[in-house]
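1. sequence below, structure please.
(2 chains)
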Amino acid sequence: QKEVEQDPGPLSVPEGAIVSLNCTYSNSAFQYFMWYRQYSRKGPELLMYTYSSGNKEDGRFTAQVDKSSKYISLFIRDSQPSDSATYLCAFFKAGTASKLTFGTGTRLQVTL
Amino acid sequence: DAGITQSPRHKVTETGTPVTLRCHQTENHRYMYWYRQDPGHGLRLIHYSYGVKDTDKGEVSDGYSVSRSKTEDFLLTLESATSSQTSVYFCAISGRDSYNEQFFGPGTRLTVL
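-> Residues are numbered from 1 along each chain as shown, chains lettered A, B, ... in the order given. Here you go, the predicted structure:
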């Protein structure tokens, strides 16, 4: 079983839709939960991070963590064509020389 | 943008030749990482460094070596390139020991013929 599972997509939605991106994980030692966004032919950039169960909101983006189910989500409200990118979940646990474990990424396309 | 550059940005080489990729940072961050990104596999860690001359293997280190003689430079070497090493290579840096926000470079697209 992989430590992290993420649906690769692609996911295509119309502009203005609510997008839900998800990852499941198996390692209960993960302490921080992150979402990176990667535009085509660019390096990933950190979008949001959280360390507790519950929701964290930043503008149109909401990160949700359910540690009991080992499930994290990223919601995008009022999606825009500029949100078209690949979204990678990432996980951090202490004592690992600051290494991250990444999901494979979900490709999102927001159409006009 | 975090000050990370990678060189070269694109390279085409032949099987069996040595290849060195360079990552340069201007942030004075302690940690540096080399990843490869392939369809269906996401980002996989090749090697990482936690200080000058301090390096360790990641999950896909076979066929790769690294060196870090200065804080700002982290080199990735393919001693004898193979077609399976055709990939996009990303360097990342981090200054934190906690949740570890990693800043990524622009990537190097390597093709091994």
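
2. alpha carbons only for contacts and neighbour counts from here, please
-> Noted.

3. of all residues in chain B, which one is closest to chain A?
-> Evaluated by Cα to the nearest Cα, chain B has B:G42 as its residue closest to chain A, separated by 3.8 Å.

4. who's that residue bridged to?
-> With DSSP bridges applied, the residues forming beta bridges to B:G42 are B:D38.

5. and for B:F74?
-> Checking B:F74 by DSSP bridges, which sets the bridge assignment, gives partners B:C23.

6. which pLDDT value does the model give it?
-> We have a pLDDT of 98 for B:F74.

7. test my guess that it contacts B:V66.
-> Yes. The pair B:F74 / B:V66 is scored as a contact, 7.1 Å apart, by Cα atoms under 8 Å.

8. neighbour count: these two, which is higher?
-> In this view B:F74 and B:V66 are compared by other Cα atoms under 10 Å in any protein chain shown, and B:F74 has more residues nearby, 28 against 23.

9. quick one, what contacts residue 58?
-> Reading this off chain A. The contact partners of A:D58, by Cα atoms under 8 Å, 6 or more residues apart in numbering or on different chains, come to A:M48.

10. that answer is for a different chain, and I need it for chain B
-> B:G58 is in contact with B:R44, B:L45, B:I46, B:H47, B:Y48, counting by Cα under 8 Å, 6+ apart.

11. right, and the third one touches B:T55 too?
-> To tie it back to what came earlier, the one meant is B:I46. No. Assessed by Cα under 8 Å, B:I46 is found out of contact with B:T55, at 10.9 Å.

12. separation between the residue of chain B closest to chain A and B:T77?
-> Taking Cα to Cα, to the nearest Å as the measure, B:G42 falls 21 Å from B:T77.

13. hey, what's B:I93 bridged with?
-> On DSSP bridges, the residues paired with B:I93 through beta bridges are B:M32, B:F103.

14. now for B:T15: which residues touch it?
-> Going by Cα under 8 Å, 6+ apart, the list of residues near B:T15 reads B:S80, B:A81, B:T82, B:S83, B:V112, B:L113.

15. quick check: phi and psi on the second one?
-> Main-chain dihedrals, B:A81, degrees, to the nearest 10: phi -60, psi 140.

16. what's the local residue count around it?
-> The burial count assigned to B:A81 is 21, neighbours taken as other Cα under 10 Å.
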